[in-house]
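*Asks:* Predicted structure and sequence below. I'll ask about it afterward.
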Amino acid sequence: MDNKKYAIIGLGASGVATARFLKRNKAEVILLDSNNRPSNIEDILSLNLKDKLYLGLDKSDIIKKLEDYKPDEIVLSPGCVGNFLDDLSSLNFKITCDIELFIKYIKKNFQAKVIGITGTNGKSTTTALAYHLLKTSNYSTYLGGNYGIPVFDLLDEEISKETIFVLELSSFHLEMSNNLELDASVILNLAPDHLDRYKNLDDYYKAKYTIYDNAKHIIVNKDQEVTEITDNQITFSKGDITADFYIKDKYIYYKSYKLLEINLIPLFGEHNKYNFLASLALIFSIIPEEDLSLKIKKLANIANNISSFKGLEHRSEVFLEDNSLIWVNDSKGTNLGATVAALNGLSNFSYDKLWLILGGILKENDFTEFNVIINNLADNNKLAGIFIFGQAKQKIYNNVLSEKTKDFLILEGLEDNSVLDKIVGTILQKNVFENLKNIVLFSPACSSFDMFKNFQHRGSLFKEIVQKKYDGTE
């Protein structure tokens with residue numbers, strides 16, 4: 001990297017970590033951001049690149065800076081997508097992201113193993129699961145990527161060829177990278193998402209499929225309708241016993257080998273069974289044992305560590321329960337597929353009726369699967385009410401087609417954070433006189449950026465409002 005010229009666009013945590021790494025490796029760097037004063041300005045200034053720092057730039061300013069600077073590579077941060085990417089591509093400079101630079105560096109210098117995980121839903125949970133299983137089994141393991149940990153910050157750890165990096169990869173990372181050298185990779189599932197960013201569904205799926213391009217081991221969900229892959233393939237399925245990993249008679253198997261009783265997984269929902277199967281398949285693929293029986297024994301011991309996994313915040317998280325209500329925070333439900341998975345997961349609970357809270361910025365238009373579930377709940381007298389808020393409220397209302405379902409819809413007029421306070425208050429007020437055990441599922445099926453900083457902010461605020469209602473501190 002000596003004397004190579006890099007332009008970093010987007011100075012969030014990953015952009016700053018990348019700049020620090022490049023500077024340490026004697027590369028020339030300029031820093032570009034559209035924000036006048038990023039919230040992490042102190043971290044940016046600590047790079048001591050003030051004469052190479054350009055803030056408050058619009059698209060045309062950034063293009064002009066790049067034309068003048070003529071970088072060898074543009075390192076793009078997540079969020080810098082859409083039409084802007086087309087403009088950058090027209091400049092004919094190489095465009096990459098931190099993930100590609102990181103993997104090339106650690107493969108060249110440490111020969112460490114890298115696992116890549118993508119999919120429309122379940123990426124963070126599967127990343128955390130694989131990391132937890134390996135870490136608690138005394139493997140030298142680190143996690144990062146889209147999970148929220150900038151990969152270049154991981155270089156502060158002790159790394160060797162025995163080290164395993166478990167990386168959550170978004171479609172952005174895959175679109176910006178070229179033939180990532182992965183030891184194992186998986187696409188958990190594919191469903192419509194990010195259609196505000198991609199020209200069509202095929203383009204979104206193509207971005208995901210690039211995770212398989214240069215992987216030594218390919219992990220495939222056999223229950224998904226995906227392009228057929230034949231080389232280096234390990235399959236998993238919830239019930240197809242022709243898959244390598246599958247579930248039968250309440251046990252998880254690898255081929256004919258029984259690994260673990262399914263009820264030992266401390267996570268509810270059918271989707272988490274898939275996440276766990278994928279984690280086991282990924283780990284199995286990188287265990288170096290030549291003898292299969294030893295490898296199976298080692299994998300079974302690793303699988304047993306699932307009992308200490310606590311799950312992730314904002315992902316079907318049961319955060320409060322009283323005599324009449326179970327409160328579930330699934331703010332990470334940012335698309336219809338994620339909310340469908342959360343609704344299907346409710347079969348693990350014993351409850352009388354459901355309160356469902358939806359809203360934000362809708363990214364899809366196909367409500368078919370969602371409506372089937374909602375209509376079934378209504379038919380079985382399991383629906384207490386559905387609240388809709390935010391930018392998509394009218395669109396959601398118009399697309400929930402069943403008239404019997406519409407009887408349960410409650411549209412909220414507020415367009416700020418106080419709408420959640422009103423919804424929670426209404427649920428508590430309506431539920432207080434009922435001798436029932438109801439469940440409240442906050443799984444918005446939409447992105448959060450119309451009213452919140454991100455899904456974490458949205459979920460944390462929801463939990464805080466509920467807790468204050470119970471504490472009587474508001």
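*Replies:* Ah, there it is.

*Asks:* can we go C-alpha only for contacts and neighbour counts from here?
*Replies:* Will do.

*Asks:* what's around residue 462, how many residues?
*Replies:* Taking other Cα atoms under 10 Å as the criterion, the count of residues near residue 462 is 19.

*Asks:* Likewise for residue 249?
*Replies:* Count around residue 249 with other Cα under 10 Å applied: 9.

*Asks:* And it, how far from residue 262?
*Replies:* For residue 249, the distance to residue 262 equals 9 Å [Cα to Cα, to the nearest Å].

*Asks:* now residue 148
*Replies:* In terms of Cα to Cα, residue 148 sits 29 Å off from residue 262.

*Asks:* more neighbours, those two?
*Replies:* More crowded of residue 148 and residue 262, by other Cα under 10 Å: residue 262, with 16 against 12.

*Asks:* Distance check, residue 157 against residue 148.
*Replies:* 17 Å.

*Asks:* Also residue 319?
*Replies:* 22 Å.

*Asks:* And residue 28, by the same measure?
*Replies:* 26 Å.

*Asks:* Same check on residue 49?
*Replies:* 24 Å.

*Asks:* got it, and residue 84?
*Replies:* 23 Å.

*Asks:* Give me the neighbour count for the closest residue to residue 4 other than its chain neighbours.
*Replies:* Counting by Cα to Cα, 6 or more residues apart in numbering, residue 27 is the residue found nearest to residue 4 once chain neighbours are left out, at 5.2 Å. Residues within reach of residue 27, counting by other Cα under 10 Å, total 15.

*Asks:* what's the answer for residue 21, then?
*Replies:* Neighbours of residue 21 (other Cα under 10 Å): 16.

*Asks:* again, but for the one 5 residues further on
*Replies:* As a burial measure, the neighbour count of residue 26 was computed by other Cα under 10 Å and equals 13.

*Asks:* phi, psi of it?
*Replies:* Main-chain torsions, residue 26, degrees, to the nearest 10: phi 60, psi 30.

*Asks:* measure the residue lying closest to it once chain neighbours are set aside to residue 335 for me?
*Replies:* The shortest distance from residue 26 to any non-neighbouring residue, by Cα to Cα, 6+ apart, is to residue 2 (5.0 Å). Using Cα to Cα, residue 2 is found at 43 Å from residue 335.

*Asks:* The two: who's more crowded?
*Replies:* Shown here are residue 2 and residue 335; by other Cα under 10 Å, residue 335 has more neighbours (24 against 11).

*Asks:* for the residue lying closest to the more buried one once chain neighbours are set aside, what are its contacts?
*Replies:* Distances taken as Cα to Cα, 6+ apart place residue 445 nearest to residue 335, at 4.2 Å, with adjacent residues excluded. Contact partners of residue 445, counting by Cα atoms under 8 Å, 6 or more residues apart in numbering, are 333-339, 358-360, 362.

*Asks:* want to throw the residues you listed into CSV with secondary structure, pLDDT and distance to residue 379?
*Replies:* Converted to CSV, the contacts of residue 445 look like this (DSSP: H, G, I helix; E, B strand; the rest coil; pLDDT from 0 to 100; distance: Cα to Cα, whole Å):
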residue, secondary structure, pLDDT, distance to residue 379
333, coil, 91, 24
334, coil, 91, 26
335, coil, 89, 24
336, helix, 91, 21
337, helix, 86, 22
338, helix, 87, 22
339, helix, 93, 19
358, strand, 93, 20
359, strand, 91, 23
360, coil, 92, 27
362, coil, 90, 26
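
*Asks:* Any stretches of the protein with poor pLDDT?
*Replies:* Within the chain, the segments meeting pLDDT under 70 span 79-83, 193-196, 226-230, 401-408, 411-417, 433-434, 473-474.

*Asks:* Walk me through the domains of it.
*Replies:* Domains of the chain are assigned by automatic domain parsing as 5-96, 99-308, 317-471.

*Asks:* Show me the helices in the stretch 251-400 of the chain, by range?
*Replies:* Here the stretch 251-400 of the chain has its helices, by DSSP state H, counting those that start in this stretch, at 270-286, 292-303, 336-345, 368-379, 393-399.

*Asks:* nearest to residue 35, of these?
*Replies:* helix 393-399 (29.9 Å; Cα to Cα).

*Asks:* Could I get the CA-only coordinates of that closest one as CSV?
*Replies:* The C-alpha trace of helix 393-399 is given here as CSV (Å, rounded to 0.1, in the frame of the first residue of the first chain):
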residue,chain,number,x,y,z
LYS,A,393,-49.2,3.8,7.5
GLN,A,394,-51.6,4.4,4.6
LYS,A,395,-49.8,2.1,2.3
ILE,A,396,-49.9,-0.7,4.9
TYR,A,397,-53.5,-0.1,5.5
ASN,A,398,-54.4,-0.2,1.8
ASN,A,399,-52.5,-3.5,1.3
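
*Asks:* Pull out the buried residues from that helix.
*Replies:* Residues 393, 396-397 are the ones in helix 393-399 that count as buried (16 or more other Cα atoms under 10 Å).

*Asks:* Helices along the stretch 1-150 of the chain, start to end?
*Replies:* 13-24, 41-45, 59-69, 83-89, 98-109, 123-135.

*Asks:* just the strands in the stretch 151-300 of the chain please.
*Replies:* Using DSSP state E, counting those that start in this stretch, the strands found in the stretch 151-300 of the chain span residues 164-168, 184-187, 217-221, 233-236, 245-248, 251-254, 257-261.

*Asks:* For the second one, C-alpha coordinates in CSV please.
*Replies:* Just to be clear, that refers to strand 184-187. Extracted C-alpha coordinates of strand 184-187, given in CSV (Å, rounded to 0.1, in the frame of the first residue of the first chain):
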residue,chain,number,x,y,z
ALA,A,184,-16.8,-20.5,4.1
SER,A,185,-19.8,-18.4,3.0
VAL,A,186,-23.6,-18.7,3.3
ILE,A,187,-26.7,-17.0,2.0
